[in-house]
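S.K.: build the 3D model from these lines:
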Amino acid sequence: ICYLIARSLLLPGQRSRSCRIWMAATAACCLLFSSTSFGFVIPSHHSDIQRAFRSSARSTPVALAPDLQGDTLEQIDVLHKQKRFQEIYSLIQPLSGGPFNIDVAWRYARVLYELAEETADKSERERLVRSGLAKAEEALVQCPDNGLAHKWVGIMLGAVGQFLPTKEKVANAFRIKDTLERAATLRPEDASVKIALGEWAYKVADISWVERNAAKVLFGAPPEASYRDALELFERAYELDATKKAAIKAGLTCQQLKQTADATRWMQQALATPGTGDADAELDQIAKRALAS
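M.R.: Numbers count the residues shown, from 1 in each chain. Sure, this is the predicted structure:
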């Protein structure tokens, strides 16, 4: 009887998601009540019931229990060391739609950045970077004293710069420095923060005449940094975590400083450093080209 009343209230064009969920719940109660009291059962294959359950399952994010979510995040961190970014995305994307969790938010921004770095499609790279920046910004709003939130806002702001006009890119340069320096204060032993700050210094040292003058007009002075600042940060990053990326960055900076012997040493060090995945393979190619030139 409850089921028939629910169905009569829902004309085909009026079945909203909430109504379908209500109808599904009513039908389920009917099934339980009828099987225990009267012995009659509404057919389980009824299309309206199936549609209601399927629609509610698709539309409602499911929050994992804390222990299950913790296990998933541990698995994601293992996969990240192996640079298996597509697998990470398939695991974390469902979590990102649930209740806010800082440990999910920054990891989601991170994997979008990694995927953007791997794609050659410019429009897809922009989509990934902007989505990652939005998630990092959300993390920073929710947790303003979290070093990882500051770190990923800074990194994603730097990544999105390639898609911005000069005025906005120069304005972001000041904020990138602020967020990364805050991240460095909160996470002094994080090598990737040092690399991000080094990349910022390298870009500022390499700023074009147009961008430098735009900064003077808009902000009174351009951001300041030198190649030597960048090199010190890359060297410190390598001390904290001897990665191929830190070695390559240090070698490229030595080239800018005309320190040929040091550049060669860093490129050889990069090739000798173990790596995994397409990104590290590309870094090896950079090192080989630098040594051959």
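S.K.: quick one, strands of the stretch 101-250 of the chain?
M.R.: Counting by DSSP state E, counting those that start in this stretch, no segments of the stretch 101-250 of the chain form strands.
S.K.: which residue ranges of it form helices?
M.R.: 102-118, 122-142, 147-160, 166-186, 191-205, 209-219, 227-240, 244-256 (DSSP state H, counting those that start in this stretch).
S.K.: just list what the first one packs against, helices and strands only.
M.R.: Helix 102-118 sits against helix 66-81, helix 85-96, helix 122-142, helix 147-160, helix 277-292, with contacts defined as 3 or more C-beta pairs under 8 Å, 6 or more residues apart in numbering; DSSP states H and E. In this view, the C-beta of every residue, glycine as well, is placed from N, C-alpha and C.
S.K.: hang on, the earlier thing: and the helices of the stretch 101-250 of the chain: which comes nearest Gly275?
M.R.: helix 244-256 (4.6 Å; C-beta to C-beta).
S.K.: show residues contacting that closest one.
M.R.: 191, 194-195, 198-199, 202, 205-206, 227, 230-231, 234-235, 237-238, 260, 262-267, 269-270, 273-275, 280, 283-284, 286-287, 290 (C-beta atoms under 8 Å, 6 or more residues apart in numbering).
S.K.: and the angle from it to helix 227-240?
M.R.: 150 degrees (axes from the mean of the first three to the mean of the last three C-alpha atoms, to 10 degrees).
S.K.: pLDDT on the next helix or strand after helix 244-256, on average?
M.R.: Counting by DSSP states H and E, the next helix or strand C-terminal to helix 244-256 is helix 260-272. Per-residue pLDDT over helix 260-272 has a mean of 97.
S.K.: check which residues of helix 260-272 are buried.
M.R.: Using 16 or more other C-beta atoms under 10 Å as the burial criterion, the residues of helix 260-272 that qualify are 262-264, 266-267, 269-270.
S.K.: what packs against that helix?
M.R.: Going by 3+ C-beta pairs under 8 Å, 6+ apart, helix 260-272 lies up against helix 244-256, helix 277-292.
S.K.: excluding its backbone neighbours, what's nearest Tyr108?
M.R.: What sits nearest to Tyr108 in space, not counting adjacent residues and going by C-beta to C-beta, 6 or more residues apart in numbering, is Ser96, at 4.6 Å.
S.K.: burial count for that neighbour?
M.R.: 20 (other C-beta atoms under 10 Å).
S.K.: wait, it touches Val104, no?
M.R.: Yes. Look at Ser96 against Val104 with C-beta atoms under 8 Å: they come within range, at 6.0 Å.
S.K.: so Gln69 touches Asn101, yeah?
M.R.: Yes. If you go by C-beta under 8 Å, Gln69 and Asn101 touch, sitting 7.2 Å apart.
S.K.: of these two, which one has the most company?
M.R.: Neighbour count, other C-beta under 10 Å: between Gln69 and Asn101, Asn101 has more, with 19 against 16.
S.K.: which phi and psi values does that one adopt?
M.R.: phi -140, psi 120 (degrees, to the nearest 10).
S.K.: repeat for Lys83
M.R.: Phi and psi for Lys83, reported as degrees, to the nearest 10, are phi 60, psi 40.
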